[in-house]
Structures are given as C-alpha cells and as structure tokens.
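Student: A structural model of the following input is requested.
(one chain, ligands or ions: 2)
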Amino acid sequence: MMQPAAYLDKLNPQQRQAVEHGVSGPGAIDAGPLLVIAGAGSGKTNTLAHRVAHLIVNGADPRRILLLTFSRRAAAEMTRRVARIASHVLGANASVLTEGLSWAGTFHGIGARLLRDYAPQIGLDASFTIHDREDSADLMNLVRHELGFSRTEKRFPTKGTLVSIYSRAVNAEQKLEEVIGRFFPWVAGWSDELKALFAGYVAAKQAQGVLDYDDLLLYWAQMMAEPSLAADISARFDHVLIDEYQDTNKLQASILLGLKPDGRGLTVVGDDAQSIYSFRAASIRNILDFPGHFSPRADTIMLEQNYRSTQPILAAANAVIDFASERYAKNLWSERASAERPLLVNVRDEIEQANYVATRVLEYREEGIALKSQAVLFRASHHSGPLEVELTRRNIPFVKFGGLKFLDSAHVKDVLGVLRFAENPRDRVAGFRVLKLLNGLGPATAGRVLDTVGSNEALLPALQAFTPPRAAAQDWPGFLDLMRDLKSTRAGSPAGWPAELDRVRQWYEPVLERLHEDAQSRQSDLVQLAQIAATYPSRARFLTELTLDPPDATSDHAGPPHLDEDYLILSTIHSAKGQEWKKVFVLNAVDGCIPIDLGVGTRDEIEEERRLLYVAMTRARDSLHLMLPQRFFTHGQSARGDRHVYAARTRFIPPRILAHFTATAWPPAEAAAPAPRMAETARIDIGARMRAMWSQ
Ligand code: ATP
Ligand code: MG
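Tutor: Ligands and ions are numbered 1, 2, ... in the order given. Presented below is the predicted three-dimensional model:
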C-alpha cells in the first residue's frame, strides 16, 4: 500500500524542485538533463538520495539506475539512505531496494564491472587483474629495466613520477609533450625515452592481461566510442546520477555523455568551489560547461540554504572562498545561530598542537560528544604524525582515512599477490611478488619461470615442468601444491571462496615467520583479511573491490575498525569530501602546509589550495578549530632535507577577514611553563642557514 510521499515535505522548495524534476506522477517520468550546483552543506547529496528514492517510488526500476559517487563508502551510504526513504512509502523491505540498486559505486568500480561483462566482446581476458598505483609503478620499473633505461642515469624520473606523468596524460586526454611541458618541465629532456617507455608499458599491460586504474576509465570510454557497444551499455540505464561532479575529469565526462548523449535521465550535482582534484586531471570545466553543452534543454537548480554549519562557521568559510576566481556566484546562508566563531589556535609547535587537539577531544567526549562526531583534518598524510603519537600515548582510538591503507602492508600484499597470481598468472608484478617469497629463488630465475606462463591454462604445466635451482628445492613442492589447489575447479568459483584464502594463509605462515620479527601481529591482520574476504562472493570480486577501494588502517591494527567501536577520525582533507562532523580540527593552517609547497605553486594550484581550506572548514557543524603552530617540520621535501620551518598563518585568512575568527593561544599564558629557551633551541635543528640569518 502506497503512503503519501511525506519525505518531500522535509525539503526546501529548490531541493524539492530538483527531486521532482521530470517526475509528474507514478509511471510518468521524463527528465531532461539536470544540474544541481550549490555550496557546501546545502543538501546536494541529500537531495540526490531523495531524487533516486522519488524515481523509484514513481516506478523507476532500481536495477536500471546508475549512481556514481566519489567513494565506495559514499555509494553504500547513499544506497542505505535511498532505501530508507523509499521503503517508508512503498512499504517494501529496505534490503530488497538496497540490493536492487546494485549499480551504485565509483567510476572505477562500475567500469571494472562493465569491463568484465563485455570482456569477450572487446578482446579482453575476463580474468584480468587490476593494478593499484604501486603495482603500476612496479610494472613501469620492469619495463624501464627491459628497455635498458638506467635509473642511475642523472635525473631519469622515478617510477612514481613516471606513473603520474602517464596517468595525467591519459586522464586529461592530453599529448605527452603538453603534460610534460606544463606539469613536469624538469623531465623534458626525456620525452623520447618516455614515449618508448609508455608504449612498452601499454604493451606489457595488454600482454599480461592487467589493467591499471586509468585503464578502467579508458576502456570504458573506448567502449562508449563504439556505436554498438555504446548503445548496448546505455540501454542498461534509464537514469544516471552523479555526485561531486566538480571532481570528474574529461574522460569521465565523455563516458557520461556517451551514456546519455541527449542528457535525458542525467542528473549531475556538484560545487565548483569545492573542486580539489585537478592534480588528477579533474576539470572544473565539466560542471561549468554542462548547461551550455545541453543548451537549451538543461535545467540548473541552485540551493542556497546551508543546513550543516552554524552561521559564524559558514560566514568565515564564505569569507575565505570569496576571493576565489571563476565560480558560480553563490549566496549561502544558515539558520543555525551560534555565538561561537571559528577559533584560530596559536600553539608553539606540532607537539603542542597535538596536545591541544587530544585535550579538547577528550573534553568534548566528557560533554557527551562521541569521538566519531569529531574529526582532525590535514593537508598531507604525514602532518598527523605527532598527533598519532599523542593519541596513542593517551589511549584515544582513531582511524585514519586517506593515509596508510590496510593493503599497503607487505604481508597483506603478499597474500593478495598469491591470489592475484592464481587469478591471472600472466600478471608479472604479482608473479615476481609471489616467487620472491620462495627461499633460494632469485629474480632472474623467477623471470624465467614467468616467461613460460603464456596463459591461464599454461600455469600448472609450466610450473610442473620447471626444475628449481637446488637452493629452492625445499620450498618448491609446497608452492606447487598451493598453486594446484588454487587452480582447481572449485577455487576461483564462488563455491571455493573464501576457503582458498585460508589455504594461502596456511602456506604463508612459515614464510611470515621467516621474513618478519613481528609475525604474530601480522598474523592477526591476516585473520582480519579473512573476515573481510568472507563478505565478498568470489575471489575476483574480492580482488577487484579491495584494490579499487582499500579499507583504511586504524590505530591499533592494520585493519579497518569494528563498527561498534568509538574512534576519532583522522583524515586528509581530500578524503573528508562530502562528510560532516560536529567538531572539526584543521592541523597546520599555515603557509607551507595550506597552501602546501609555496615554492612551486602556479596560480591555479594556489587557488586549488584555497578551495581545499574551504572544504576543510565546511565539514564542521558546531565548532571549528584552525591550528596555527608557529613552526612545523618538513620531511625531506624541501631541498634542504628535514628541518623545522617557521610558519605564518595561511594566506587564505588575510587580516581583513580576521574578524570572522576568535584568536586564542594554547596553553593559556598562566598555565604555560616558563619558556625553556636554551633547552628548546637545543632540541630543534634549525640548520646553519637559519642560524646565519639570526646572527645578522
Ligand atoms: P557537501 O558540499 O559538503 O557535499 P552537500 O551539499 O552534499 O554538502 P549534504 O551532505 O547533503 O550537503 O547535507 C548537509 C547536511 O544538511 C546534512 O546533515 C543533511 O542531512 C542536512 N540537510 C540537507 N537538507 C536538509 C533539509 N531540507 N532540512 C534539514 N536538514 C537538511
Ligand atoms: Mg555532498
């Protein structure tokens, strides 16, 4: 029995207009292209969830809705919300709706699924494996080695830089020369070598049946350029909706336009003032050009009421972004009155900063605010180092987003490498990783083994035919047994999953004992990995989804947190996108951190840093603390190596907007110990250059 759609009454008129756009009643949906553009906290994501629910309530088939979000976490959250809203009206079981909305995810995740479906049609082996950035860098390195470009050659780019250059060119659909000239001028002398290297890299990926992150978009875009495939894929989706559109790149936009060439059924949502991914070739033009592209059919809706932050927080954030150049003019306001302006907290250094944050966090918790409702944000992952030490010392549990991932630890990578090698034995990066674990088997021999594996079927015969060198004779039979088990018909099929992971762990245990002193704690990570594995239906899905969206690490172990625990959130600003907390601390709100890297910033890059600060500030609902250490530590990034540098308040808070903030110092003057001048100068290393400057 259908209930009246009470959920519409909770929306403001503009939100409601966006939700109802093109929906005139049950079974009557005919929606032209829609752009919702609005500032932070104005309910864009919430509106999108309501729109999806409203479409379903009015007869849209959830299985034919494609919902693209920035992270898998965001997709899961959105799906839950949609199900909650729609199930009230439909009286249906929410879990049925959640399952129906199976095409909700990131561009990369959805791309991987479509590619598996269409693999036979596009000449791709359906058992392709996916390389994360580190694997890509390793493959780049293998190819570099094969081509004989010496790494010791002066200034030949590192494998990480090589992947960045390659990726940027792919995502921006730009010529290599342009990308190098614009973003990597110092490698200009190597253009010819890079061209040969990248060609070799592409060939290696194809020969090995591996795809890197960029390929997932590239192949998808390519499919959309094939008329028959494009028609087939487009016909699967009646509605395509995307959140955070400002952070899509050209390739992603071309995929969307391929899916919905006339814009019917297409809804995009975003905020140009929050565009923070241009370093991954995201282009603000996508959102700015949307209305023109579909002119005159596109509708644009602006939302102006912010429901998230108190008025003083919003006023301060608006003041910061007011100086930004190109953007839609917005007039964001909040009804949430408060006397508490954002704080500018002056502290001596990062140690005191950590002290302040830990103290305040505990005070808030005393007041009844859960740790989970508080977050500490920072520009770069390493900025939270001293804080992590302090939190650990005080036994305050935390989870760090956007930092070290669960999968970054060697033992987890090893185990996944074995599974990946079984899934796709042509994957040489996985192959080398696995064979390296055998005692007495060097890289040259490993290379020879891998050379004989031409296909999935050839793996076992190749391994059986191989006579290991004497040093490896002891480990070899066990390895052969393992691979036999992993290639049995049961394995790789849902029936064999996740038992085969246990089989790998059993084989890996002695290896772990041999390689690592702290084998015990690493074992417990692997137990956790097994628990995660059990939530996936098959080996292939597990490997794909874990690579595309790896779980974050927590304070006490490498794995993700248990849901019922309370923990503080530590996050890079980039990873905090779209989220909100009652209390927000922003570390190192000083020049050199925000904006980072003053020396090399172009004007565009500096503007992006301003938007980052805006994103950070607008995550806060009730309280915002911007931390101003008088000096901070740089980690070997500057030409002069590790050192302390003296810091000034971020340039994005110039004197003329200071009235929006309350300045304070910590520890309070009376509580501070007498300044230990001598001891202090002895403790920090300011470097000869600084000392020379002072003595002048
Ligand atoms: P961001 O730009 O940071 O992604 P957003 O525009 O997507 O923000 P949401 O996260 O959707 O904003 O919403 C911000 C907050 O405002 C949420 O807590 C949401 O529940 C609340 N909210 C949105 N619309 C309304 C409304 N009409 N009435 C009450 N609360 C609302
Ligand atoms: Mg949002």
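
Student: what helix or strand does the residue of the stretch 501-650 of the chain found nearest ligand 2 sit in?
Tutor: Across the stretch 501-650 of the chain, the shortest distance to ligand 2 (CB to the ion) belongs to Gly578, at 4.1 Å. C-betas here are computed from N, CA, C, even on glycine. Using DSSP states H and E, Gly578 sits within no helix or strand.

Student: Within range of ligand 1, give me the residues from this structure.
Tutor: Taking CB under 6 Å from any ligand atom as the contact definition, the chain meets ligand 1 at 10-12, 15, 38, 40-46, 271, 274, 307-308, 578, 580, 618.

Student: ranges for the helices of the stretch 351-500 of the chain?
Tutor: 385-393, 410-423, 428-435, 443-451, 459-465, 476-486, 499-515 (DSSP state H, counting those that start in this stretch).

Student: Okay, now the unreliable bits of the stretch 201-350 of the chain?
Tutor: The stretch 201-350 of the chain contains residues with pLDDT under 70 at 324-327.

Student: Apply 50 and report the result again.
Tutor: By pLDDT under 50, the stretch 201-350 of the chain has no low-scoring segment.

Student: Run the chain-centre distance for the helix or strand containing Val36.
Tutor: Assigned by DSSP H and E, Val36 belongs to strand 34-38. In terms of CA atoms, centre = their mean, to the nearest Å, the centre of strand 34-38 is set 23 Å apart from its chain centre.

Student: What of stretch 386-406?
Tutor: With CA atoms, centre = their mean, you get 18 Å for stretch 386-406.

Student: Please identify the buried residues of it?
Tutor: 386-388, 390-391, 396, 398-403, 405-406 (16 or more other CB atoms under 10 Å).

Student: And for stretch 236-245?
Tutor: Neighbour-count burial for stretch 236-245 [16+ other CB under 10 Å]: 237-245.

Student: In strands only, show me the residues you listed.
Tutor: 239-242 (DSSP state E).

Student: what sits against the residue of the stretch 251-400 of the chain found nearest ligand 1?
Tutor: Ligand 1 sits closest to Tyr307 of the stretch 251-400 of the chain, with a gap of 3.3 Å, by CB to the nearest ligand atom. Counting by CB atoms under 8 Å, 6 or more residues apart in numbering, Tyr307 touches 41-43, 334, 336.

Student: counting contacts, what elements does the strand holding Val36 pack onto?
Tutor: helix 44-57, strand 266-270, helix 285-293, strand 299-303 (3 or more CB pairs under 8 Å, 6 or more residues apart in numbering; DSSP states H and E).

Student: Repeat the analysis, applying 6 Å as the threshold.
Tutor: strand 266-270, strand 299-303 (3 or more CB pairs under 6 Å, 6 or more residues apart in numbering; DSSP states H and E).

Student: Low-confidence bits of the stretch 1-150 of the chain, can you list those?
Tutor: Those would be 1, if you go by pLDDT under 50 across the stretch 1-150 of the chain.

Student: how many neighbours does the residue lying closest to Arg133 once chain neighbours are set aside have?
Tutor: For Arg133, ignoring the flanking residues on the chain, the nearest one in space by CB to CB, 6 or more residues apart in numbering is Val163 at 6.2 Å. By the measure other CB atoms under 10 Å, the count of residues near Val163 is 25.

Student: sorry, back to before: using pLDDT, spot the least trustworthy of the buried residues of stretch 386-406.
Tutor: Ranked by pLDDT, the buried residues of stretch 386-406 bottom out at Gly403 (62).

Student: that older thread, figure out which of the helices of the stretch 351-500 of the chain is closest to ligand 2.
Tutor: Ligand 2 lies closest to helix 385-393 among the helices of the stretch 351-500 of the chain, at 26.4 Å (CB to the ion).

Student: Contacts for that closest one next, please.
Tutor: Contacts with helix 385-393, where a contact means CB atoms under 6 Å, 6 or more residues apart in numbering, come from 350-351, 354, 357-358, 398.
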